[in-house]
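Enquirer: model this:
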Amino acid sequence: MAVDSIEAWGKAGTTRKRPSRTSPLPYALILPAACVAFAIAVVPLIYDLWLSFQDWYLLRNPTPAWGGLINYRELFADEALWAAFLRTVIWTLGTVAVEIAIALPLALLLNRETPIARLASAVILLPWVMPFIVLGYGWRFLLDSQVGPIHYALHLVGFAGNSSVFTEPSKALVMIIFISGWKGAPFLVLAILASLKAIPTELYEAAAVDGAGPLRRFVAVTFPAIRDTLVIISLVLGILAFYSFDLPWIMTKGGPGDATTTLGIAMFKAVFTDLRPAYAAAISIVMLVFLFASALLTLRLQRRQS
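Expert: Residues are numbered from 1 along each chain as shown. Below is the predicted model:
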């Protein structure tokens, strides 16, 4: 009888209706953060979209005037901008490729419980946290044609001539792509390292029992476990590289000629050199749409493979 009474009481408790009225306290607590996020993210985006439809040339119009699609029509007909767009895509893909090429073997080496590995895991963050201005001028010194030790090494292998690589259009973009990937690699190293630490050791033991060698264990156990992390973090780093302005500007200011002019530099020049902020806003909107489509496609392909 006691057991039946307890079961009946439990069933009554599960069927009891909860009050539909929710407390406003949680919403009140997140309201300040939501307002700040809206102010710093959504409001500038709305203003940027509105500005991209204006006809605003500061030497002609002191205030914006409605121009419709005038900036977009000019944008799609601008051959120099399309060249900068292609250069930015090459810059982005190259940066991510260098980051993966550096980060993956480093993460595998650091995935060991040794004092040296723990110390290296902390020191390796230095390039990532280093300010762009310090990093840029440091690399400019290392690649100086007169006193730069790295320039001397590149000269010995035939990559660099007597002048700086930043004066040669065919090599300047390659060099700053490498520097950009070198700076972003530590973040990817730590992300991969965290995924490696989460792999159960039993999987490696089972693979070893089956006779799998190091390469086979990497393909069958390690890579599937870190693939999602590799894709997501590479996507984030690719977005950062696509919008990058500071490193190319510090290193070459878009030169020689337009050899290293990315979309970020093109937007900067549109505002501060050509005095056309509305045109720069249109460029930023096109960049946003392109990045959104690329990220969506990447995530969908990644989900299909998972």
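
Enquirer: so for whichever strand or helix holds Val98, what gets flagged as buried?
Expert: Assigned by DSSP states H and E, Val98 belongs to helix 79-110. For helix 79-110, the neighbour count (16 or more other Cβ atoms under 10 Å) marks 81, 84-85, 87-88, 91-92, 94-96, 98-100, 102-104, 106-108, 110 as buried. Any C-beta I mention is one placed from the backbone N, CA and C, and that applies to glycine too.

Enquirer: three-state assignment of Gly255?
Expert: Secondary structure assignment for Gly255 (DSSP: H, G, I helix; E, B strand; the rest coil): coil.

Enquirer: could you check the pLDDT of it?
Expert: Per-residue confidence (pLDDT) for Gly255: 86.

Enquirer: how close does it get to Ile265?
Expert: With the distance defined as Cβ to Cβ, to the nearest Å, Gly255 ends up 10 Å from Ile265.

Enquirer: before we move on, the earlier item: what packs against the helix or strand that the helix holding Val98 is followed by?
Expert: For helix 79-110, the following helix or strand on the C-terminal side (DSSP H and E) is helix 115-123. Packing partners of helix 115-123 (3 or more Cβ pairs under 8 Å, 6 or more residues apart in numbering; DSSP states H and E): helix 79-110.

Enquirer: picking that back up, quick one: list the elements packing against the helix holding Val98.
Expert: Against helix 79-110 (3+ Cβ pairs under 8 Å, 6+ apart) you get helix 115-123, helix 169-197, helix 223-242, helix 263-272.

Enquirer: buried set for the shortest one?
Expert: Okay, so that is helix 115-123. Using 16+ other Cβ under 10 Å as the test for burial, helix 115-123 gives Ser121.

Enquirer: low-confidence ranges in the stretch 201-306 of the chain?
Expert: 306 (pLDDT under 70).

Enquirer: now with 50, please.
Expert: Along the stretch 201-306 of the chain, the model assigns pLDDT under 50 to no residue.

Enquirer: Thr273: neighbour count?
Expert: Using other Cβ atoms under 10 Å, Thr273 has 8 other residues around it.

Enquirer: quick one, phi/psi of it?
Expert: Dihedral pair for Thr273: phi -110, psi -50, per degrees, to the nearest 10.

Enquirer: just the one 3 residues further on next, same as before
Expert: For Arg276, the backbone dihedrals (degrees, to the nearest 10) come out as phi -130, psi 80.

Enquirer: next, count neighbours for it.
Expert: 22.

Enquirer: likewise Ala266?
Expert: 25.

Enquirer: check the one 5 residues further on too.
Expert: Burial of Val271 is recorded as 16 neighbouring residues (other Cβ under 10 Å).

Enquirer: any idea how far it lies from Ala241?
Expert: From Val271 to Ala241 the distance is 21 Å (Cβ to Cβ).

Enquirer: next: Leu110.
Expert: 23 Å.

Enquirer: which of Gly255 and Ile265 has more residues huddled nearby?
Expert: Ile265 (23 against 16).

Enquirer: please name the residues that touch the closest residue in space to the more buried one that isn't next to it in sequence.
Expert: Leaving aside its sequence neighbours, Ile265 sits nearest to Gly254 (Cβ to Cβ, 6 or more residues apart in numbering; 4.5 Å). The contact partners of Gly254, by Cβ atoms under 8 Å, 6 or more residues apart in numbering, come to Pro248, Thr260, Thr261, Thr262, Ile265, Lys269.

Enquirer: thank you kindly, that will do.
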